[in-house]
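In: coordinates for the following, if possible.
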Amino acid sequence: MFADHSYMTEAAMKALGRVSKIIWLESQDEDRLVAEVRISKPKVIVSEYCKITSRVMDSSPELRGIMVWGVGHDHVDLNAASERGICAANTRGSNAESVAEHAIALMLVLSRKVCQSDAFVRGGGWTNREETGLPTELVTLDLSSKTLGIIGLGTIGGRVAQVAHALGMSVLAYDRFLTNEQATERGAELVELETLLEKSDFVTIHVTLTSETRRMISARELEMMKPTAYLINTSRGAVIDEEALIDALKTRIAGAGLDVFDQEPLGLENPLMKLNNVILTPHCAGSSREALEATSWTVYEEAKRMLEGQTPKNILNRAELVKRGFISPHIG
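Out: Presented below is the predicted three-dimensional model:
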């Protein structure tokens, strides 16, 4: 059962249809979703954004797995799933290249003043071929020789580091789950968050949203950044204190590239809309054609494993399920 209308390729849907009956829902209301789950009694629920709560889980006695379409899983109650012996998995890695390239693209658009230059030309401002005729606000920056700070050096962050090196950048990283040796293997120097913020010309965020990462970038952290620095976020909006960021964009830092926000879609009245030093994209970093196809097939493969009683490869709550005796520590 699909709790919301996530993208799936026709081929992946046909393959999934051969192993299970497919039900499409589109309900962000918990009461309605509970009622629909109670009727359909799915064995696997696929969700991109729709909240999967303990009430939803208890509505289907046959529920075996929760499949997250994408990487972010803050909308799934993992503790509740673990208590009930329900596997939860995501499509980790399927859109890593897409998100990494999007983060780099935001950095390039900001540093090369692409949007401002486009508006300058379209507005008829380009009347002199000599570079001295261009306004100073169109003077750009080279990424080469700059320092990039990566918060979260997982699959996506590691790929960003690789591309950054190709552009001639130095790379710092903050990641509580990696050793110095592991960070070095991924092309980055592991440092504390404060050091990263103080030294980086660009800061890009690649962490999942948890109680520990929520608002991890607030007024205090933004104050540590260079006044010439740019902040990139393609993870989750709530990782940043949006009000503090808006204030910093007005008074403290050079700019930002944002693909995710506190409230999505972004409202026209949001103050971010009025700032000319921020690039806004509609939570599309992981939506390249290649990533959508890879994600579709990963959803199929993992859902199929769950339906057949197997442990999914991208399981999110393995440790808790082992701890509670639902799966063997030697499986998966």
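
In: nearest spatial neighbour of Val109, skipping sequence neighbours?
Out: The spatial neighbour of Val109 that comes closest, neighbours along the chain excluded (C-beta to C-beta, 6 or more residues apart in numbering), is Ile279 at 5.4 Å. Bear in mind the C-beta positions are built from the backbone N, C-alpha and C, glycine included.

In: quick check: phi and psi at that neighbour.
Out: With angles defined as degrees, to the nearest 10, Ile279 shows backbone torsions of phi -100, psi 130.

In: one more: Val44?
Out: In this entry, Val44 is assigned phi and psi values of phi -140, psi 130 (degrees, to the nearest 10).

In: how near is Tyr7 to Pro312?
Out: Distance from Tyr7 to Pro312, counting by C-beta to C-beta, to the nearest Å: 20 Å.

In: ok, now Arg318?
Out: Applying C-beta to C-beta, the value for Arg318 to Pro312 is 9 Å.

In: do the same with Ala256
Out: Taking C-beta to C-beta as the measure, Ala256 and Pro312 are separated by 35 Å.

In: Gly149: how many residues sit nearby?
Out: The criterion is other C-beta atoms under 10 Å. On that basis, Gly149 has 27 neighbouring residues.

In: what sits closest to it if chain neighbours are left out?
Out: Spatially, and ignoring its direct neighbours in sequence, Gly149 is nearest to Ser200 (3.2 Å; C-beta to C-beta, 6+ apart).

In: re earlier: can you pull up the bridge partners for the residue nearest to Val109?
Out: Assessed by DSSP bridges, Ile279 has beta-bridge partners Gly257.

In: got the contact list for it?
Out: Ile279 makes contacts with 106, 109-110, 115, 255-258, as judged by C-beta atoms under 8 Å, 6 or more residues apart in numbering.

In: show me what Pro88 is bridged to.
Out: Rather than Pro, residue 88 is Ala. With beta bridges defined as DSSP bridges, Ala88 has these partners: Ile66.

In: thought the residue nearest to Gly149 was touching Lys226?
Out: Yes - at 7.4 Å, Ser200 and Lys226 qualify as touching, with contact defined as C-beta atoms under 8 Å.

In: the more surrounded of those two?
Out: Ser200 (27 against 17).

In: check what pLDDT that one gets.
Out: With respect to pLDDT, Ser200 scores 98.

In: still on that earlier bit, top of the contacts of Ile279 by number of neighbours, please.
Out: Of all those, the most densely surrounded is Leu106 (27 neighbours; neighbours counted as other C-beta under 10 Å).

In: give me the pLDDT for the nearest residue to that one once chain neighbours are set aside.
Out: For Leu106, the nearest residue in space outside its immediate sequence neighbours is Gly257; the separation is 2.9 Å by C-beta to C-beta, 6+ apart. Note on Gly257: pLDDT of 98.

In: wouldn't Gly257 be in contact with Leu245 here?
Out: No - with contact defined as C-beta under 8 Å, Gly257 does not count as touching Leu245 (11.7 Å).

In: now do the shared contacts for those two.
Out: Contacts common to Gly257 and Leu245, judged by C-beta under 8 Å, 6+ apart, are Leu231.

In: so which residues of the stretch 51-200 of the chain form helices?
Out: Under the criterion DSSP state H, counting those that start in this stretch, the stretch 51-200 of the chain carries helices at the ranges 54-58, 78-83, 96-111, 114-122, 155-166, 180-185, 193-199.

In: export those helices to TSV and append columns for distance to Pro265.
Out: Formatted as TSV, the helices of the stretch 51-200 of the chain follow (distance: least, C-beta to C-beta, whole Å):
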stretch	distance to Pro265
helix 54-58	24
helix 78-83	26
helix 96-111	18
helix 114-122	20
helix 155-166	23
helix 180-185	36
helix 193-199	29
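
In: for the residue nearest to Gly149, list the residues it contacts.
Out: 147-149, 172, 225-226, 229.

In: how does this protein divide up, domain by domain?
Out: Per the record, the chain has its domains at 10-94+290-323, 96-280, by automatic domain parsing.

In: got the ones you listed as a markdown table, with distance to Pro329 columns?
Out: Written out in a markdown table, the entries for those read as follows (distance: least, C-beta to C-beta, whole Å):
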| stretch | distance to Pro329 |
| --- | --- |
| domain 10-94+290-323 | 5 |
| domain 96-280 | 20 |
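
In: ok, now which ones touch the residue nearest to Leu106?
Out: 103, 106-107, 109-110, 230-233, 278-279, 281 are the contacts of Gly257 under C-beta under 8 Å, 6+ apart.

In: how far away is it from Ala285?
Out: According to C-beta to C-beta, Gly257 and Ala285 sit 10 Å apart.
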